[in-house]
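[1] sequence unknown, structure follows:
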């Protein structure tokens with residue numbers, strides 16, 4: 001589920017000098033340093049600052065590590081979109097069947113947990129065997145994300 005992705009740790013390059021999870025204003029004191037409790041009691045994960053990341057264009061919450069990018073060749077409802085293996089700080093709505101460009105899929109809209117903007121969708125089930133690789137993967141539309149950290 002999307003909630004599980006919040007707790008996934010992305011490996012960090014030891015030469016960058018950063019911990020695997022870091023927040024600019026957060027000093028880890030608990031057994032789970034990758035999670036910060038916010039005032040609204042939602043969890044927010046921070047991806048390592050030494051990695052190229054994608055963030056919500058509306059609130060700058062981290063969404064995905066560049067290493068989790070599978071494909072840049074997808075089409076969303078508002079233009080181009082990227083397919084990711086995993087994401088963070090994302091909530092998931094109920095699944096529904098939709099006919100997309102590649103056939104019938106069961107998908108669930110995903111939204112930024114911080115600002116509640118709909119970002120794309122999660123593939124829950126693909127009905128055609130050639131599309132099974134998408135199951136459990138996430139689409140985020142370029143209209144809703146920006147590149148952060150180390151994109152020189």
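    Structure received. All values reported here derive from a predicted model rather than from experimental measurement.

[2] what about the closest residue to residue 147 other than its chain neighbours, distance to residue 80?
    Spatially, and ignoring its direct neighbours in sequence, residue 147 is nearest to residue 54 (6.2 Å; C-beta to C-beta, 6 or more residues apart in numbering). Where you see a C-beta, it was placed from the backbone N, CA and C, and this is true even at glycine. Counting by C-beta to C-beta, to the nearest Å, the separation of residue 54 from residue 80 is 13 Å.

[3] so these two - more neighbours on which side?
    Counted by other C-beta atoms under 10 Å, residue 54 and residue 80 do not tie: residue 54 has more neighbours, with 25 against 12.

[4] related to what we said a few turns ago, list residues touching both of residue 54 and residue 80?
    Counting by C-beta atoms under 8 Å, 6 or more residues apart in numbering, residue 54 and residue 80 have no common neighbour.

[5] follow-up on the earlier one: quick check: bridge partners of the residue nearest to residue 147?
    Applying DSSP bridges to residue 54 yields these beta-bridge partners: residue 64, residue 147.

[6] please verify my assumption that it contacts residue 142.
    No. Taking contacts as C-beta atoms under 8 Å, residue 54 lies outside contact range of residue 142: 9.4 Å.

[7] OK, contacts around residue 82?
    For residue 82, counting by C-beta under 8 Å, 6+ apart, the contacting residues are 54, 69, 70, 71, 72, 74, 139, 140, 142, 145.

[8] the last one against residue 63, yeah?
    By that I understand residue 145. Yes. In this structure, residue 145 is within contact of residue 63 by C-beta under 8 Å, at 5.8 Å.

[9] these two: who's more crowded?
    Using other C-beta under 10 Å, the more surrounded residue of residue 145 and residue 63 is residue 63, with 31 against 21.

[10] let me see the ranges of the strands in this protein.
    35-37, 43-45, 53-56, 62-65, 69-76, 79-84, 90-100, 103-112, 118-126, 138-141, 145-148 (DSSP state E).

[11] make a markdown table from those and add distance to residue 132 and mean pLDDT to it.
    What follows is the strands of the chain, written out as a markdown table (distance: least, C-beta to C-beta, whole Å; pLDDT from 0 to 100):
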| stretch | distance to residue 132 | mean pLDDT |
| --- | --- | --- |
| strand 35-37 | 32 | 42 |
| strand 43-45 | 28 | 65 |
| strand 53-56 | 25 | 92 |
| strand 62-65 | 22 | 93 |
| strand 69-76 | 14 | 94 |
| strand 79-84 | 14 | 96 |
| strand 90-100 | 14 | 94 |
| strand 103-112 | 10 | 95 |
| strand 118-126 | 5 | 96 |
| strand 138-141 | 16 | 97 |
| strand 145-148 | 26 | 90 |
